[in-house]
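1. predicted structure and sequence below. I'll ask about it afterward.
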Amino acid sequence: MNAWWQQPVAMIDTAAMAAAQARQAVLTKPPGALGRLETVAETFAGWQGRAVPALDRVDIAVFAADHGVTARGVSAFDQAVTGQMIANFAAGGAAICVLARRHGARLAVVDVGAVAPPAGVAGVIDARIAPGTADFTETAAMSAGQLDRALQVGRERVSASADLFIGGEMGIGNTTSAAAVFAALTGRAPAEVVGRGAGVDAAGLARKQAVVAAGLERHRARWAHMQGARRAQAVLRCVGGFEIAALAGSFVAAAQAGVPVLVDGFIAGVAALCAREIAPDCRHWQIFGHRSAEIGHTRLLDTLAARPLLDLDMRLGEGSGAALALGVIGDALALHAEMATFDEAGVAASDADG
């Protein structure tokens, strides 16, 4: 029997997309005047199977975990911050919490493997696999069983009743791990993909680059002759993180359930790349929220042939950049649904051309 991630993704409703395109053609505006907002509405029509789509339910899941490679001095913050931020998420004080409230989204906080989880905090889903991954410069970041569990944790957070899914992350050291995964899957040099993350200085950046290079050198032979899902899983197991794997699992599961994914920044983008390696057709269910200021993100977007909706020099993570893009998507769908047609407004089509 096939593993769950080998099941096919949902089909796009091309008839609904065509109907949405036909509606756009008769709204009171020149053709193409709303630019990419028109494409967003048409794409959501194909995802939802109706000519006039709506964004009624948005689910956000923030996956948190720690990384053994942090011991190599790759972060400006201590691992205790991961647990502290989990508590902040649960209390509603983080940026993603504010944005989730503003957009009426449902927010889940998932501890996949913090070293110091907060004690007695309500509102946190305990899906702990281990107290952080292993140091990937010394050994594989996780076992095969741990990787399978992390992918499954992500899958469990996806509901087919959602209109859109956002995956966020938190974990000290996770830009280092994400950069290693990106470099491993694309063959890029560490200097091209390793950024300052949460704010390391020049010396810290050099350490991060050296650490990623060391991890790649140690493990490269494990995936060198692999392709597709096997390669992505080998890379995730050797240099990935529990939260990155959970994101990848959630993105694959969302595509299978017919739920589009609004991808956040660099770390979520690396997870989206992994998801495409594991299940290539899930690319049809991904839309990208923003361009991160993290150095590797533009290169990642190029790799994914993705055009983000926003470019605000953000690099917070948590799903925050994607959540900000909800406003753009909501407005695109509202314009599509609520603008009058030429016939309804009594306007001649040629008059709208200006």
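-> Perfect, thanks for sending it. Numbers count the residues shown, from 1 in each chain.
2. could you pull out the strands for this protein?
-> Taking DSSP state E, the strands of the chain run over residues 58-65, 106-113, 124-126, 164-170, 261-263, 286-288.
3. can you lay out the ones you listed as CSV showing mean neighbour count?
-> The C-beta positions use only the backbone N, C-alpha and C, and glycine is treated the same way. Shown next, in CSV, are those (neighbours: other CB atoms under 10 Å):
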stretch, mean neighbour count
strand 58-65, 28
strand 106-113, 24
strand 124-126, 15
strand 164-170, 30
strand 261-263, 28
strand 286-288, 22
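4. let me have the ones you listed in CSV, adding distance to Leu37 and mean pLDDT as columns.
-> Shown next, in CSV, are the strands of the chain (distance: least, CB to CB, whole Å; pLDDT from 0 to 100):
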stretch, distance to Leu37, mean pLDDT
strand 58-65, 18, 98
strand 106-113, 25, 98
strand 124-126, 35, 97
strand 164-170, 16, 98
strand 261-263, 15, 98
strand 286-288, 13, 98
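5. can you put those strands in JSON lines and add distance to Leu326?
-> As requested, the strands of the chain are exported to JSON lines (distance: least, CB to CB, whole Å):
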{"stretch": "strand 58-65", "distance to Leu326": "6"}
{"stretch": "strand 106-113", "distance to Leu326": "12"}
{"stretch": "strand 124-126", "distance to Leu326": "22"}
{"stretch": "strand 164-170", "distance to Leu326": "8"}
{"stretch": "strand 261-263", "distance to Leu326": "7"}
{"stretch": "strand 286-288", "distance to Leu326": "11"}
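6. can you tell which of those is closest to Gly93?
-> strand 106-113 (11.7 Å; CB to CB).
7. just checking: what are the partner strands of that closest one?
-> strand 58-65 (parallel), strand 124-126 (parallel) (DSSP bridges).
8. now tabulate these in JSON lines and tack on distance to Cys274.
-> Below are the strands paired with strand 106-113 laid out as JSON lines (distance: least, CB to CB, whole Å):
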{"stretch": "strand 58-65", "distance to Cys274": "13"}
{"stretch": "strand 124-126", "distance to Cys274": "22"}
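9. how about those strands, which one is nearest Glu344?
-> Evaluated over the strands paired with strand 106-113, closeness to Glu344 peaks at strand 58-65, with 29.4 Å, by CB to CB.
10. distance between the closest one and the chain's centre?
-> 10 Å (CA atoms, centre = their mean, to the nearest Å).
11. ok and that strand relative to strand 164-170, angle-wise?
-> Angular relation of strand 58-65 and strand 164-170 on a 0 to 180 degree scale: 20 degrees, by axes from the mean of the first three to the mean of the last three CA atoms, to 10 degrees.
12. would you mind writing the CA trace of strand 58-65 as PDB?
-> Extracted in PDB, the C-alpha atoms of strand 58-65 (Å, rounded to 0.1, in the frame of the first residue of the first chain):
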ATOM      1  CA  VAL A  58      -8.700  30.200   7.000                       C
ATOM      2  CA  ASP A  59      -6.700  27.800   9.100                       C
ATOM      3  CA  ILE A  60      -3.300  28.700  10.400                       C
ATOM      4  CA  ALA A  61      -0.900  26.300  12.100                       C
ATOM      5  CA  VAL A  62       2.300  27.400  13.700                       C
ATOM      6  CA  PHE A  63       4.700  24.500  14.200                       C
ATOM      7  CA  ALA A  64       7.500  25.000  16.800                       C
ATOM      8  CA  ALA A  65      10.700  22.900  17.400                       C
END
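13. ok, which stretches of the stretch 151-300 of the chain are helices?
-> Listed in chain order, the helices of the stretch 151-300 of the chain (DSSP state H, counting those that start in this stretch) span residues 174-186, 190-193, 202-223, 228-239, 242-257, 266-278, 295-304.
14. nearest to Asp126, out of those helices?
-> Checking those against Asp126 by CB to CB gives helix 242-257 as the closest, at 13.0 Å.
15. what sits against Ala275?
-> For Ala275, the contact set (CB atoms under 8 Å, 6 or more residues apart in numbering) comprises 248-249, 251-252, 255, 282, 286.
16. show me the contacts for Ala257.
-> Contacts of Ala257 (CB under 8 Å, 6+ apart): 10, 158-160.
17. most neighbours, which of these?
-> Val158 (22 neighbours; other CB atoms under 10 Å).
18. tell me the pLDDT at that one?
-> On pLDDT, Val158 comes in at 98.
19. just give the closest residue to it, not the sequence neighbours.
-> Distances taken as CB to CB, 6 or more residues apart in numbering put Ala253 closest to Val158, at 4.3 Å, once the chain neighbours are dropped.
20. surely that neighbour and Gly154 touch.
-> Yes. With contact defined as CB atoms under 8 Å, Ala253 reaches Gly154; the gap is 6.6 Å.
21. please tell me how far Ser292 sits from Leu310.
-> 10 Å (CB to CB, to the nearest Å).
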